[in-house]
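# For reference, the sequence and a predicted model appear below.
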Amino acid sequence: MQPFRVHSGIVAPLDRANVDTDAIIPKQFLKSIKRSGFGPNLFDEWRYLDHGEPGMDHTKRPHNPQFVLNDPRYARASILLARRNFGCGSSREHAPWALADFGFRALIAPSYADIFHNNCYKNGLLPIVLPESQVDRLFADTYAFPGFQLTIDLERQVVATVDGALAFGFDVEPFRKHCLLNGLDDIGLTLQHADTIQEFEAKRLAEQPWLV
Amino acid sequence: MARTLYDKLWDSHVVREEADGTALLYIDRHLVHEVTSPQAYEGLALAGRKPWRVSSVVATADHNTPTKDWHRGIEDPISRMQVETLDQNIRAHGAKAYFPFLHKHQGIVHVIGPEQGATLPGMTVVCGDSHTSTHGAFAALAFGIGTSEVEHVLATQCLIMKKAKSMLIRVDGRLPAGVTAKDLVLAIIGRIGTAGGTGHAIEFAGEAIRALSMEGRMTVCNMAIEAGARAGMVAADQRTIDYVKGRPFAPTGAMWDRAVAHWRTLVSDDGARYDTTHVFAAAAVRPQVTWGTSPEMVAAIDERVPDPDRERDATRREGIARALAYMGLTPNTPMTDIRIDKVFIGSCTNSRIEDLRQAAAVVRGRRVAGSVKLALVVPGSGLVKAQAEAEGLDRVFRDAGFEWREPGCSMCLAMNDDRLAPGERCASTSNRNFEGRQGAGGRTHLVSPAMAAAAAVAGHFVDVRRLY
């Protein structure tokens, strides 16, 4: 996994609540057996005017000029600013895969759905939670200043404007922070406790043999 | 100290815990389907790892599989490749049980788990599918995971987790006649919202929950995720034990007695404390119909489509206006004036035998309205289908003009050919009314099986209680 330490990038505003993972990556693209290549189909139904199917050449598809990510201002965005309960619905990890493949490294929203939030961390994508009032402020600034950028420092747990005039602290669980800062593979870490797992399992299956 | 059911399930599965509360949680049952597992098996192979305990895995193909013309196989080559990849992965690594495409016990993963006795009280049950919360109906700790976690469970039999907060949803009294588990859970989501349960594990309790069949409890727990909670659960009682008895993977003989003695402890202790409590009166619940693009956008059948101008919160107001534009609905329209094009009875929420019986009871002796283009019944599994046919329900549906299909996820998420065309409006017993969920541009109204059947007959939404 790609480590996340300090990241500066352009902010794209997605101004609607309860964005679900079906919207982030529609079901027809879930038929892929790979982890990569989902970026062109991120927000497919909002982003294009035609109906997308796997295998289509996305460079030839008509873009929806009303959709925020099609605004040239946000073409190179790497931080997505969103509203509450972002990522609700289906557990599909294709959602963070698509966001990361598009080029996003971090998200900022007042809240996320639990499974999506968890899936982000497994893919080097940092889902930052800020209070509604601070998110409102960032939306206003993003709209007001073309090229609006933020710098995210995970070690210090701070989101700030590039000039440092505005800075917000954020919370992150220590274990998740450690994994993200170092790009650590969860499975490798867990297998360091293989003996403990084996011991637990043997005891459990002896006590409740119907679980085998 | 008095413990909740969630405390008991959590405590009994913690392998180890870090100082900050991050735990390694042991997983008893791992349900696997074709959409969210290929990348996990690939990751395992790339790292040179093997599954930790193959006997924990129960697998089936359900999302991509067609629901008709099974003799023609899977015609979409990408869908077929995904299903064949699951075949190969199970062949290579093994499983306790595999119900592949065309198997007579194949079906929706959340229907066949309980049906086979592969879901047992006291288990941790995971699956790369958010509706895994369904299995919590058996006093199990069951929740959906992403593909990285599918790989993590395959490789280590554990997940890295922090304990969620606990929520009690207590439903006092009895549901009125004609009001079902689906109406109840939609009403709950309507009140607490789609993020109401975020960060929580929900225990559903109270007289109305106790009175529900296991099928009804599964419907309620299934939609815990639509209230934002990864896990929903119901305490074990005699009904739980009776349902499990005699299932293929349920224990037998002396082992059964030992298991039952343990399962009877899977209840919240008197005086156990919850972080959050919501109380509902069952008697006040009416048949529900969603009008928007989120399950919380729901109204009772005798209400009207809301007016965004009456909403004071700006984000919510824009959300309502956007949803009504997508749904092609005018504010203040009576719910009973909404006409439908298609009907879908199926999904992991409502495709079990009791659901089909409830729908058939409404349909019997009636005809699907001429204005309805397609009315589908998709049983949850091969066994549900066989049971329904033994009871003659397939005839009831067919005689009324419904199509009687093969089992699978079908038009709940439209990964196969069953889908809505742009602008089509559907009465659906599934769980999500998101934009495009049942087909790009499709408009979904979530309802109970009885309400879907009533809408099929009337051509528009109608209070099913008037049809009995």
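Noted; the coordinates are in hand.

# where does residue B:330 land on pLDDT?
We have a pLDDT of 98 for residue B:330.

# cool, the one 4 residues further on as well?
Reading off the confidence values, residue B:334 has pLDDT 98.

# For residue B:297, see how far away the nearest residue to it once chain neighbours are set aside is.
Distances taken as C-beta to C-beta, 6 or more residues apart in numbering or on different chains place residue B:304 nearest to residue B:334, at 5.3 Å, with adjacent residues excluded. Yep, even glycine has a C-beta here, placed from its N, CA and C like the rest. Look at residue B:304 and residue B:297: by C-beta to C-beta, to the nearest Å, they are 13 Å apart.

# So if I had to pick from those two, which one is more boxed in?
Higher neighbour count among residue B:304 and residue B:297: residue B:297, with 22 against 16, using other C-beta atoms under 10 Å in any protein chain shown.

# Can you list the buried residues in the helix or strand encompassing residue B:387?
Using DSSP states H and E, residue B:387 maps to helix B:382-390. By neighbour count on 16 or more other C-beta atoms under 10 Å in any protein chain shown, the buried set for helix B:382-390 is B:382, B:383, B:384, B:385, B:387, B:388.

# Ok, stretch B:224-232 next?
Buried residues in stretch B:224-232 (16+ other C-beta under 10 Å): B:224, B:225, B:226, B:227, B:228, B:229, B:230, B:231, B:232.

# could I get those residues as JSON lines with pLDDT and secondary structure?
Shown next, in JSON lines, are these (pLDDT from 0 to 100; DSSP: H, G, I helix; E, B strand; the rest coil):
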{"residue": "B:224", "pLDDT": "98", "secondary structure": "coil"}
{"residue": "B:225", "pLDDT": "98", "secondary structure": "helix"}
{"residue": "B:226", "pLDDT": "98", "secondary structure": "helix"}
{"residue": "B:227", "pLDDT": "98", "secondary structure": "helix"}
{"residue": "B:228", "pLDDT": "98", "secondary structure": "coil"}
{"residue": "B:229", "pLDDT": "98", "secondary structure": "coil"}
{"residue": "B:230", "pLDDT": "98", "secondary structure": "coil"}
{"residue": "B:231", "pLDDT": "98", "secondary structure": "strand"}
{"residue": "B:232", "pLDDT": "98", "secondary structure": "strand"}
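
# Could you find which two of these are furthest from each other?
Using C-beta to C-beta, the buried residues of stretch B:224-232 reach their maximum pairwise distance at B:226 and B:231, which is 12.9 Å.

# The nearest residue to residue B:64 once chain neighbours are set aside: neighbour count?
Excluding the flanking residues, the one nearest residue B:64 by C-beta to C-beta, 6+ apart is residue B:79, at 3.8 Å. For residue B:79, the tally of surrounding residues (other C-beta under 10 Å) stands at 23.

# go on, residue A:50?
13.

# Could you check how far it is from residue A:24?
From residue A:50 to residue A:24 the distance is 19 Å (C-beta to C-beta).

# in what helix or strand does the residue nearest to residue B:64 lie?
helix B:77-93.

# Remind me what that helix packs against, helices and strands.
helix B:38-46, strand B:57-60 (3 or more C-beta pairs under 8 Å, 6 or more residues apart in numbering or on different chains; DSSP states H and E).

# Nearest to residue B:18, out of these?
helix B:38-46 (24.1 Å).

# tell me what that closest one is packed against?
Checking 3+ C-beta pairs under 8 Å, 6+ apart, helix B:38-46 ends up next to helix B:77-93, helix B:147-156.

# Taking their axis directions, it and helix B:147-156 sit at what angle?
Counting by axes from the mean of the first three to the mean of the last three C-alpha atoms, to 10 degrees, helix B:38-46 lies at 40 degrees to helix B:147-156.

# where does the stretch 1-150 of chain B come near chain A, residue by residue?
B:15-16, B:18, B:20, B:22, B:24, B:26, B:28, B:35-36, B:38-39, B:42, B:47, B:49, B:52-53, B:55, B:63-64, B:76, B:78-79, B:81-82, B:85, B:120, B:122-123, B:128-130, B:143-149 (C-beta under 8 Å from any C-beta of the partner chain).

# for chain A, what spans make up the helices?
With helices called from DSSP state H, chain A shows them at A:21-24, A:44-47, A:94-102, A:114-121, A:132-144, A:174-182, A:186-191, A:194-207.

# how many neighbours does residue B:191 have?
14.

# Got the phi and psi for it?
phi -90, psi -50 (degrees, to the nearest 10).

# That one contacts residue B:278, doesn't it?
Yes: here residue B:191 reaches residue B:278: they are 7.4 Å apart, a contact under C-beta atoms under 8 Å.

# pLDDT wise, what is residue 48 at?
In the absence of a named chain, this looks at chain A. For residue A:48, the model assigns a pLDDT of 98.

# that's the other chain; I wanted chain B
96.

# now swap in residue B:19 and tell me
pLDDT, residue B:19: 88.

# For the stretch 201-350 of chain B, list the residues in contact with chain A, please.
B:225, B:228-230, B:250-251, B:255-256, B:258-259, B:262, B:294, B:315-316, B:318-319, B:322.

# List the single closest residue to residue A:120 in space, sequence neighbours excluded.
residue A:127 (4.4 Å).

# ok, the buried residues of stretch B:224-232 vs residue B:159, which is closest?
Nearest to residue B:159 among the buried residues of stretch B:224-232, with distances taken as C-beta to C-beta, is residue B:230, at 11.2 Å.

# what sits against the closest one?
A:114, A:115, B:130, B:133, B:143, B:144, B:164, B:201, B:224 (C-beta atoms under 8 Å, 6 or more residues apart in numbering or on different chains).

# Can you tell me which of those is nearest residue A:89?
Checking the contacts of residue B:230 one by one against residue A:89 (C-beta to C-beta), the nearest turns out to be residue B:130, at 6.8 Å.

# pLDDT on stretch B:362-377, on average?
98.

# Residue B:20 is in contact with residue A:173, correct?
Yes: the criterion here is C-beta under 8 Å, and residue A:173 meets it with residue B:20 at 6.7 Å.

# Show me the common contact partners of these two, please.
In contact with both residue A:173 and residue B:20: residue B:162, using C-beta under 8 Å, 6+ apart.

# Got the phi and psi for the residue nearest to residue B:145 when sequence neighbours are not counted?
Nearest non-adjacent residue to residue B:145, counting by C-beta to C-beta, 6+ apart: residue B:126, 5.1 Å away. Phi and psi for residue B:126, reported as degrees, to the nearest 10, are phi -130, psi 160.
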